[in-house]
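*Asks:* Starting from these lines, generate the structure:
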Amino acid sequence: MKNRSFSFVALLAVIALSIVFGMVLGDRLNAPPTALAWPGVALGANSAPLQLLPALTDTGGVRDFADVVEQCLPAVVGVANTQSAGSRERRRGDRQLPDPWHWFFGEPDSPQQREMRERPRTGYGSGFIVSPDGYILTNNHVVQDADRLVVRTQDGREHSATVVGADPAIDLALLKIDNGGAQLPALPLGDSERLRVGQWVIAIGNPLEFEQTVTVGVVSAKERQVPLENTDSSLTTFIQTDAAINFGNSGGPLIDAAGNVVGINTAIRRGNLAEGIGFALPINQARNAMEQLLRSGRVDRGFLGINLLGQGLTEAAAEYYGLPDSNGALVQDVTPGQPADRAGVRKGDVIRKVDGKPVRDNRDLIRKISSRRPGESVELELIRDGKTITRTA
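*Replies:* The predicted structure is shown next:
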(Lines give C-alpha, C1' and ligand atoms only; values in the text may rest on other atoms or scores of the structure.)
Protein backbone atom coordinates (compact mmCIF):
# COMPACT_ATOMS: atom_id res chain seq x y z
CA MET A 1 0.00 0.00 0.00
CA LYS A 2 2.83 2.36 0.85
CA ASN A 3 4.65 1.58 -2.41
CA ARG A 4 1.45 2.17 -4.44
CA SER A 5 0.97 5.57 -2.74
CA PHE A 6 4.56 6.53 -3.51
CA SER A 7 4.17 5.49 -7.15
CA PHE A 8 1.02 7.58 -7.49
CA VAL A 9 2.79 10.65 -6.05
CA ALA A 10 5.75 10.07 -8.33
CA LEU A 11 3.44 9.80 -11.32
CA LEU A 12 1.79 13.13 -10.41
CA ALA A 13 5.23 14.74 -10.09
CA VAL A 14 6.27 13.49 -13.52
CA ILE A 15 3.04 14.82 -15.04
CA ALA A 16 3.53 18.21 -13.37
CA LEU A 17 7.12 18.44 -14.58
CA SER A 18 6.02 17.52 -18.10
CA ILE A 19 3.38 20.23 -18.11
CA VAL A 20 5.83 22.88 -16.91
CA PHE A 21 8.47 21.74 -19.39
CA GLY A 22 5.94 21.84 -22.21
CA MET A 23 4.88 25.35 -21.22
CA VAL A 24 8.50 26.48 -21.21
CA LEU A 25 9.18 25.00 -24.64
CA GLY A 26 5.96 26.44 -25.98
CA ASP A 27 6.82 29.87 -24.54
CA ARG A 28 3.36 30.13 -23.00
CA LEU A 29 4.26 31.36 -19.54
CA ASN A 30 3.29 35.03 -19.29
CA ALA A 31 2.97 35.27 -23.07
CA PRO A 32 0.79 38.00 -24.55
CA PRO A 33 -1.92 36.90 -26.99
CA THR A 34 -0.10 38.74 -29.78
CA ALA A 35 3.60 37.95 -29.80
CA LEU A 36 6.58 39.24 -31.73
CA ALA A 37 7.76 36.61 -34.19
CA TRP A 38 11.16 36.10 -32.54
CA PRO A 39 11.78 33.79 -29.52
CA GLY A 40 21.22 50.21 -26.36
CA VAL A 41 20.72 50.40 -30.06
CA ALA A 42 23.80 52.15 -31.44
CA LEU A 43 22.64 54.97 -33.70
CA GLY A 44 24.61 56.16 -36.65
CA ALA A 45 24.31 58.57 -39.57
CA ASN A 46 25.09 58.38 -43.27
CA SER A 47 24.32 61.00 -45.86
CA ALA A 48 24.80 58.74 -48.90
CA PRO A 49 21.53 57.76 -50.58
CA LEU A 50 20.46 54.13 -50.63
CA GLN A 51 20.92 52.31 -53.92
CA LEU A 52 17.34 51.04 -54.01
CA LEU A 53 16.22 48.87 -56.89
CA PRO A 54 13.22 49.98 -58.97
CA ALA A 55 9.98 48.18 -58.18
CA LEU A 56 9.07 45.34 -60.51
CA THR A 57 5.94 45.65 -62.62
CA ASP A 58 3.22 43.07 -62.38
CA THR A 59 2.54 41.95 -65.94
CA GLY A 60 -0.93 40.74 -64.99
CA GLY A 61 -0.17 37.16 -66.01
CA VAL A 62 0.08 34.16 -63.72
CA ARG A 63 3.68 33.81 -62.59
CA ASP A 64 5.12 30.66 -61.07
CA PHE A 65 5.87 31.33 -57.42
CA ALA A 66 9.02 29.21 -57.76
CA ASP A 67 10.41 31.79 -60.18
CA VAL A 68 9.66 34.61 -57.73
CA VAL A 69 11.27 32.72 -54.87
CA GLU A 70 14.36 31.84 -56.91
CA GLN A 71 14.77 35.52 -57.69
CA CYS A 72 14.25 36.71 -54.08
CA LEU A 73 15.94 34.07 -51.89
CA PRO A 74 19.54 35.33 -52.33
CA ALA A 75 18.60 38.66 -50.71
CA VAL A 76 16.97 37.15 -47.58
CA VAL A 77 19.32 36.80 -44.61
CA GLY A 78 19.38 35.36 -41.12
CA VAL A 79 20.14 37.64 -38.18
CA ALA A 80 21.71 36.24 -35.00
CA ASN A 81 21.51 38.38 -31.86
CA THR A 82 23.87 37.36 -29.06
CA GLN A 83 23.19 38.83 -25.64
CA SER A 84 25.21 38.65 -22.47
CA ALA A 85 23.59 38.06 -19.10
CA GLY A 86 23.91 41.79 -18.37
CA SER A 87 21.99 42.75 -21.50
CA ARG A 88 19.23 40.32 -20.66
CA GLU A 89 18.94 41.74 -17.15
CA ARG A 90 18.71 45.30 -18.52
CA ARG A 91 15.95 44.23 -20.87
CA ARG A 92 14.16 42.36 -18.15
CA GLY A 93 14.37 45.35 -15.83
CA ASP A 94 12.74 45.00 -12.45
CA ARG A 95 10.21 42.42 -13.62
CA GLN A 96 10.35 39.33 -11.49
CA LEU A 97 9.32 36.58 -13.88
CA PRO A 98 8.72 33.01 -12.71
CA ASP A 99 11.69 30.75 -13.35
CA PRO A 100 10.40 27.22 -14.05
CA TRP A 101 13.91 26.00 -14.82
CA HIS A 102 14.54 25.54 -11.08
CA TRP A 103 12.54 22.31 -11.44
CA PHE A 104 15.45 20.94 -13.44
CA PHE A 105 18.53 22.92 -12.43
CA GLY A 106 17.95 23.65 -8.77
CA GLU A 107 17.08 26.76 -6.82
CA PRO A 108 17.85 30.24 -8.26
CA ASP A 109 21.11 30.62 -6.34
CA SER A 110 22.42 27.16 -7.13
CA PRO A 111 25.60 26.80 -9.25
CA GLN A 112 23.55 25.33 -12.10
CA GLN A 113 21.20 28.28 -12.15
CA ARG A 114 24.01 30.83 -11.98
CA GLU A 115 25.72 29.12 -14.91
CA MET A 116 22.48 29.23 -16.92
CA ARG A 117 21.98 32.94 -16.17
CA GLU A 118 25.55 33.94 -16.97
CA ARG A 119 25.76 32.03 -20.23
CA PRO A 120 25.42 34.19 -23.40
CA ARG A 121 22.31 33.40 -25.41
CA THR A 122 21.59 33.84 -29.07
CA GLY A 123 18.22 34.53 -30.69
CA TYR A 124 17.54 34.27 -34.39
CA GLY A 125 15.49 36.37 -36.75
CA SER A 126 15.41 37.33 -40.40
CA GLY A 127 16.07 40.32 -42.61
CA PHE A 128 16.49 41.29 -46.24
CA ILE A 129 19.00 43.31 -48.24
CA VAL A 130 17.56 46.52 -49.69
CA SER A 131 20.72 47.98 -51.20
CA PRO A 132 23.60 46.20 -53.02
CA ASP A 133 26.12 47.96 -50.77
CA GLY A 134 24.91 46.04 -47.72
CA TYR A 135 21.97 47.79 -46.07
CA ILE A 136 19.45 45.45 -44.47
CA LEU A 137 15.96 45.97 -43.07
CA THR A 138 14.65 43.94 -40.14
CA ASN A 139 12.57 44.39 -36.99
CA ASN A 140 13.90 46.36 -34.03
CA HIS A 141 13.02 43.53 -31.65
CA VAL A 142 15.33 41.22 -33.63
CA VAL A 143 18.39 43.38 -32.87
CA GLN A 144 17.41 45.02 -29.58
CA ASP A 145 19.96 44.81 -26.73
CA ALA A 146 22.41 42.86 -28.88
CA ASP A 147 26.02 42.60 -27.80
CA ARG A 148 26.87 41.08 -31.16
CA LEU A 149 24.93 40.88 -34.42
CA VAL A 150 25.82 38.41 -37.16
CA VAL A 151 24.12 38.31 -40.55
CA ARG A 152 24.21 35.06 -42.49
CA THR A 153 23.67 35.29 -46.24
CA GLN A 154 22.29 32.58 -48.49
CA ASP A 155 25.77 31.48 -49.58
CA GLY A 156 26.58 30.61 -45.95
CA ARG A 157 28.91 33.50 -45.25
CA GLU A 158 28.63 35.36 -41.96
CA HIS A 159 29.08 39.12 -41.57
CA SER A 160 29.27 41.27 -38.47
CA ALA A 161 26.47 43.82 -38.63
CA THR A 162 26.08 47.28 -37.15
CA VAL A 163 22.81 49.07 -36.39
CA VAL A 164 22.58 52.26 -38.45
CA GLY A 165 19.41 53.28 -36.65
CA ALA A 166 16.20 51.94 -35.19
CA ASP A 167 12.61 53.09 -34.85
CA PRO A 168 11.08 51.12 -31.94
CA ALA A 169 7.73 52.90 -32.37
CA ILE A 170 7.07 50.85 -35.52
CA ASP A 171 9.53 48.03 -34.73
CA LEU A 172 12.01 48.77 -37.53
CA ALA A 173 15.80 48.62 -37.70
CA LEU A 174 18.32 49.37 -40.45
CA LEU A 175 21.55 47.35 -40.43
CA LYS A 176 24.78 47.55 -42.44
CA ILE A 177 27.22 44.82 -43.34
CA ASP A 178 30.57 45.14 -45.12
CA ASN A 179 30.95 42.87 -48.13
CA GLY A 180 34.37 44.11 -49.12
CA GLY A 181 33.03 46.31 -51.90
CA ALA A 182 31.25 43.47 -53.68
CA GLN A 183 27.66 44.03 -54.74
CA LEU A 184 25.01 42.04 -52.90
CA PRO A 185 21.65 40.83 -54.21
CA ALA A 186 18.88 43.18 -53.07
CA LEU A 187 15.09 43.20 -53.12
CA PRO A 188 13.00 45.96 -54.71
CA LEU A 189 10.44 47.71 -52.51
CA GLY A 190 6.85 47.74 -53.71
CA ASP A 191 3.81 49.82 -52.81
CA SER A 192 1.85 48.47 -49.85
CA GLU A 193 -0.92 51.01 -50.45
CA ARG A 194 -1.87 49.16 -53.62
CA LEU A 195 -2.23 45.78 -51.91
CA ARG A 196 -5.66 44.22 -52.20
CA VAL A 197 -7.29 41.84 -49.76
CA GLY A 198 -7.08 38.36 -51.29
CA GLN A 199 -3.87 39.12 -53.19
CA TRP A 200 -1.18 36.42 -53.17
CA VAL A 201 1.89 37.05 -51.01
CA ILE A 202 5.02 35.08 -50.14
CA ALA A 203 6.78 35.08 -46.75
CA ILE A 204 10.48 34.17 -46.60
CA GLY A 205 12.60 33.83 -43.47
CA ASN A 206 14.20 31.55 -40.93
CA PRO A 207 11.40 30.24 -38.68
CA LEU A 208 12.67 28.17 -35.74
CA GLU A 209 16.14 28.31 -37.37
CA PHE A 210 14.96 26.52 -40.51
CA GLU A 211 16.83 28.79 -42.92
CA GLN A 212 15.36 30.07 -46.18
CA THR A 213 11.83 28.80 -45.50
CA VAL A 214 9.13 29.86 -47.96
CA THR A 215 5.40 30.01 -47.25
CA VAL A 216 2.58 31.30 -49.42
CA GLY A 217 -0.79 32.83 -48.58
CA VAL A 218 -2.96 35.82 -49.25
CA VAL A 219 -3.47 39.27 -47.78
CA SER A 220 -6.18 38.47 -45.23
CA ALA A 221 -6.84 42.09 -44.25
CA LYS A 222 -5.25 45.52 -44.28
CA GLU A 223 -4.79 48.26 -41.70
CA ARG A 224 -5.07 46.00 -38.69
CA GLN A 225 -4.39 47.62 -35.33
CA VAL A 226 -2.15 45.24 -33.40
CA PRO A 227 -1.08 46.02 -29.81
CA LEU A 228 2.57 45.02 -29.68
CA GLU A 229 4.86 45.54 -26.73
CA ASN A 230 7.09 48.64 -26.98
CA THR A 231 5.43 49.87 -30.19
CA ASP A 232 3.06 52.79 -30.70
CA SER A 233 -0.20 51.46 -32.11
CA SER A 234 -1.31 54.97 -33.07
CA LEU A 235 1.54 55.26 -35.59
CA THR A 236 1.09 52.13 -37.67
CA THR A 237 -1.30 49.47 -38.82
CA PHE A 238 -0.36 46.05 -40.15
CA ILE A 239 -1.02 43.80 -43.10
CA GLN A 240 -2.68 40.58 -41.97
CA THR A 241 -1.73 37.43 -43.86
CA ASP A 242 -2.34 33.70 -43.63
CA ALA A 243 1.09 32.91 -45.08
CA ALA A 244 2.61 30.84 -42.27
CA ILE A 245 4.79 32.95 -39.94
CA ASN A 246 6.58 31.51 -36.92
CA PHE A 247 9.23 32.54 -34.41
CA GLY A 248 12.32 33.45 -36.41
CA ASN A 249 10.37 34.92 -39.34
CA SER A 250 10.54 38.39 -37.77
CA GLY A 251 12.25 40.89 -40.05
CA GLY A 252 11.85 38.77 -43.17
CA PRO A 253 10.10 40.06 -46.28
CA LEU A 254 6.49 39.67 -47.34
CA ILE A 255 6.65 39.65 -51.14
CA ASP A 256 4.03 40.14 -53.83
CA ALA A 257 3.71 37.97 -56.95
CA ALA A 258 5.91 40.35 -58.94
CA GLY A 259 8.81 39.99 -56.48
CA ASN A 260 8.49 43.30 -54.61
CA VAL A 261 8.66 43.60 -50.83
CA VAL A 262 5.29 44.83 -49.58
CA GLY A 263 5.77 44.19 -45.85
CA ILE A 264 8.10 43.12 -43.06
CA ASN A 265 6.91 40.05 -41.16
CA THR A 266 6.63 41.17 -37.55
CA ALA A 267 4.15 39.32 -35.35
CA ILE A 268 1.84 36.34 -35.02
CA ARG A 269 -1.41 35.79 -33.21
CA ARG A 270 -1.38 32.78 -30.94
CA GLY A 271 -3.64 31.29 -28.31
CA ASN A 272 -7.28 30.31 -28.54
CA LEU A 273 -6.34 27.86 -31.31
CA ALA A 274 -5.33 30.75 -33.60
CA GLU A 275 -3.94 29.63 -36.93
CA GLY A 276 -2.86 31.52 -40.02
CA ILE A 277 -2.96 34.97 -38.43
CA GLY A 278 0.28 36.83 -39.02
CA PHE A 279 1.09 40.52 -39.30
CA ALA A 280 3.55 42.46 -41.43
CA LEU A 281 4.64 46.10 -41.21
CA PRO A 282 3.64 47.82 -44.50
CA ILE A 283 6.71 48.64 -46.55
CA ASN A 284 5.52 52.20 -47.28
CA GLN A 285 5.72 53.01 -43.58
CA ALA A 286 9.09 51.32 -43.31
CA ARG A 287 10.51 53.12 -46.35
CA ASN A 288 9.97 56.61 -44.94
CA ALA A 289 11.51 55.66 -41.59
CA MET A 290 14.43 53.89 -43.31
CA GLU A 291 15.39 56.99 -45.26
CA GLN A 292 15.46 59.06 -42.07
CA LEU A 293 17.45 56.40 -40.21
CA LEU A 294 20.08 56.45 -42.93
CA ARG A 295 20.30 60.21 -42.82
CA SER A 296 20.32 60.87 -39.09
CA GLY A 297 20.00 57.57 -37.22
CA ARG A 298 16.57 58.55 -35.92
CA VAL A 299 13.02 59.22 -37.10
CA ASP A 300 11.30 62.59 -36.70
CA ARG A 301 7.55 62.66 -37.33
CA GLY A 302 5.30 65.40 -38.58
CA PHE A 303 2.68 67.00 -36.33
CA LEU A 304 -0.08 69.60 -36.66
CA GLY A 305 -0.32 70.91 -33.11
CA ILE A 306 -3.95 70.05 -32.43
CA ASN A 307 -5.96 68.08 -29.89
CA LEU A 308 -8.73 65.82 -31.16
CA LEU A 309 -12.05 64.85 -29.63
CA GLY A 310 -11.13 61.76 -27.63
CA GLN A 311 -14.05 59.51 -28.55
CA GLY A 312 -13.84 60.49 -32.21
CA LEU A 313 -16.79 61.35 -34.42
CA THR A 314 -19.87 59.51 -33.24
CA GLU A 315 -22.99 59.26 -35.39
CA ALA A 316 -24.60 61.91 -33.22
CA ALA A 317 -21.63 64.25 -33.70
CA ALA A 318 -21.65 63.63 -37.45
CA GLU A 319 -25.33 64.53 -37.57
CA TYR A 320 -24.74 67.66 -35.47
CA TYR A 321 -22.00 68.86 -37.84
CA GLY A 322 -24.07 68.00 -40.92
CA LEU A 323 -21.67 65.30 -42.17
CA PRO A 324 -22.74 62.53 -44.55
CA ASP A 325 -20.96 59.93 -42.37
CA SER A 326 -18.80 59.62 -39.26
CA ASN A 327 -15.46 59.68 -41.09
CA GLY A 328 -13.03 62.38 -40.03
CA ALA A 329 -11.41 63.86 -36.92
CA LEU A 330 -12.91 66.68 -34.84
CA VAL A 331 -10.46 69.39 -33.74
CA GLN A 332 -10.99 70.09 -30.06
CA ASP A 333 -8.14 72.56 -29.58
CA VAL A 334 -5.38 74.22 -31.62
CA THR A 335 -1.97 75.05 -30.16
CA PRO A 336 -1.02 78.67 -30.91
CA GLY A 337 1.93 79.12 -33.24
CA GLN A 338 1.99 75.50 -34.41
CA PRO A 339 1.47 74.35 -38.06
CA ALA A 340 -2.32 73.93 -37.82
CA ASP A 341 -2.74 77.36 -36.22
CA ARG A 342 -0.59 79.02 -38.89
CA ALA A 343 -2.64 77.27 -41.57
CA GLY A 344 -5.90 78.62 -40.19
CA VAL A 345 -7.31 75.44 -38.65
CA ARG A 346 -9.80 76.26 -35.89
CA LYS A 347 -11.48 74.57 -32.96
CA GLY A 348 -14.60 72.76 -34.17
CA ASP A 349 -13.22 72.00 -37.64
CA VAL A 350 -13.66 68.45 -38.88
CA ILE A 351 -10.64 67.21 -40.84
CA ARG A 352 -12.03 64.98 -43.59
CA LYS A 353 -9.08 64.50 -45.96
CA VAL A 354 -5.29 64.78 -46.04
CA ASP A 355 -3.86 65.40 -49.51
CA GLY A 356 -7.09 64.15 -51.01
CA LYS A 357 -7.15 60.88 -49.03
CA PRO A 358 -10.12 60.35 -46.68
CA VAL A 359 -9.54 60.38 -42.92
CA ARG A 360 -11.46 57.59 -41.20
CA ASP A 361 -10.84 58.49 -37.57
CA ASN A 362 -8.38 60.04 -35.10
CA ARG A 363 -5.82 57.25 -35.43
CA ASP A 364 -5.93 57.44 -39.21
CA LEU A 365 -5.24 61.18 -39.10
CA ILE A 366 -2.34 60.67 -36.68
CA ARG A 367 -0.80 58.03 -38.95
CA LYS A 368 -1.20 60.18 -42.06
CA ILE A 369 0.45 63.21 -40.43
CA SER A 370 3.16 61.35 -38.49
CA SER A 371 4.31 59.61 -41.67
CA ARG A 372 5.39 63.02 -43.02
CA ARG A 373 8.68 64.65 -42.19
CA PRO A 374 8.71 67.89 -40.21
CA GLY A 375 8.61 70.79 -42.64
CA GLU A 376 6.59 69.01 -45.34
CA SER A 377 3.30 70.59 -46.40
CA VAL A 378 -0.05 68.81 -46.44
CA GLU A 379 -3.42 69.90 -47.77
CA LEU A 380 -6.25 69.50 -45.30
CA GLU A 381 -9.90 69.35 -46.35
CA LEU A 382 -12.08 70.64 -43.53
CA ILE A 383 -15.76 70.96 -42.77
CA ARG A 384 -16.50 74.26 -41.00
CA ASP A 385 -20.03 75.53 -40.40
CA GLY A 386 -21.34 73.07 -42.94
CA LYS A 387 -18.97 74.24 -45.68
CA THR A 388 -15.96 72.47 -47.18
CA ILE A 389 -12.72 74.45 -47.11
CA THR A 390 -9.05 73.60 -47.66
CA ARG A 391 -6.00 74.68 -45.73
CA THR A 392 -2.30 73.99 -46.29
CA ALA A 393 -0.33 73.16 -43.15
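*Asks:* Can you pull out the low-pLDDT segments for this protein?
*Replies:* Segments of the chain classed as low confidence (criterion: pLDDT under 70) are 1-49, 58-62, 85-119, 272.
*Asks:* What strand or helix carries residue 332?
*Replies:* Element membership of residue 332, judged by DSSP states H and E, is strand 329-334.
*Asks:* Could you list the buried residues of that strand?
*Replies:* By neighbour count, with 16 or more other Cβ atoms under 10 Å as the criterion, the buried positions of strand 329-334 are 329-331, 334. Every residue, glycine included, has its C-beta placed from N, CA and C.
*Asks:* Nearest to residue 282 among these?
*Replies:* Using Cβ to Cβ, the shortest approach to residue 282 within the buried residues of strand 329-334 belongs to residue 329, at 20.9 Å.
*Asks:* For that closest one, which non-adjacent residue is closest in space?
*Replies:* Nearest-residue entry for residue 329: residue 365, 4.3 Å, with adjacent residues in sequence omitted and distances by Cβ to Cβ, 6 or more residues apart in numbering.
*Asks:* what's around the one you found, how many residues?
*Replies:* 24 (other Cβ atoms under 10 Å).
*Asks:* And for the one 5 residues further on?
*Replies:* Residues near residue 370, counting by other Cβ under 10 Å, number 21.
*Asks:* and it, what does it touch?
*Replies:* The neighbourhood of residue 370, defined by Cβ atoms under 8 Å, 6 or more residues apart in numbering, consists of 235, 301-303.
*Asks:* export those residues to CSV and tack on neighbour count and secondary structure?
*Replies:* Compiled in CSV, the contacts of residue 370 are given as follows (neighbours: other Cβ atoms under 10 Å; DSSP: H, G, I helix; E, B strand; the rest coil):
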residue, neighbour count, secondary structure
235, 18, coil
301, 19, coil
302, 17, coil
303, 16, coil
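*Asks:* List just the nearest of these to residue 170.
*Replies:* Where the contacts of residue 370 are concerned, and distances follow Cβ to Cβ, residue 170 has its nearest neighbour in residue 235, at 5.8 Å.
*Asks:* unless I'm mixing things up, that closest one is touching residue 367, no?
*Replies:* Yes - contact between residue 235 and residue 367 holds when scored by Cβ atoms under 8 Å: they sit 6.2 Å apart.
*Asks:* On the strand side of things, show who residue 200 bridges to.
*Replies:* Beta bridges link residue 200 to residue 218, judged by DSSP bridges.
*Asks:* Go ahead and confirm it touches residue 241.
*Replies:* No - contact criterion Cβ under 8 Å: residue 200 and residue 241 do not qualify, at 10.0 Å.
*Asks:* which one of those two has more residues nearby?
*Replies:* More crowded of residue 200 and residue 241, by other Cβ under 10 Å: residue 241, with 28 against 16.
*Asks:* Hmm, that one is touching residue 215, no?
*Replies:* No - with contacts defined as Cβ under 8 Å, residue 241 does not count as touching residue 215, sitting 9.2 Å away.
*Asks:* Check which helices and strands the host helix or strand of residue 165 sits against.
*Replies:* Taking DSSP H and E as the criterion, residue 165 maps to strand 158-167. Using 3 or more Cβ pairs under 8 Å, 6 or more residues apart in numbering; DSSP states H and E as the contact criterion, the secondary-structure elements in contact with strand 158-167 are helix 140-143, strand 148-152, strand 172-177, helix 283-296.
*Asks:* what helices or strands is the longest one leaning on?
*Replies:* What it means is helix 283-296. Contact partners of helix 283-296 among helices and strands, from 3+ Cβ pairs under 8 Å, 6+ apart: strand 135-138, strand 158-167, strand 172-177, strand 261-269.
*Asks:* with the contacts of residue 370 in mind, which one is nearest to residue 83?
*Replies:* Top of the list for closeness to residue 83, among these and by Cβ to Cβ, is residue 235 at 26.7 Å.
*Asks:* Got phi/psi on that closest one?
*Replies:* Main-chain dihedrals, residue 235, degrees, to the nearest 10: phi -100, psi -20.
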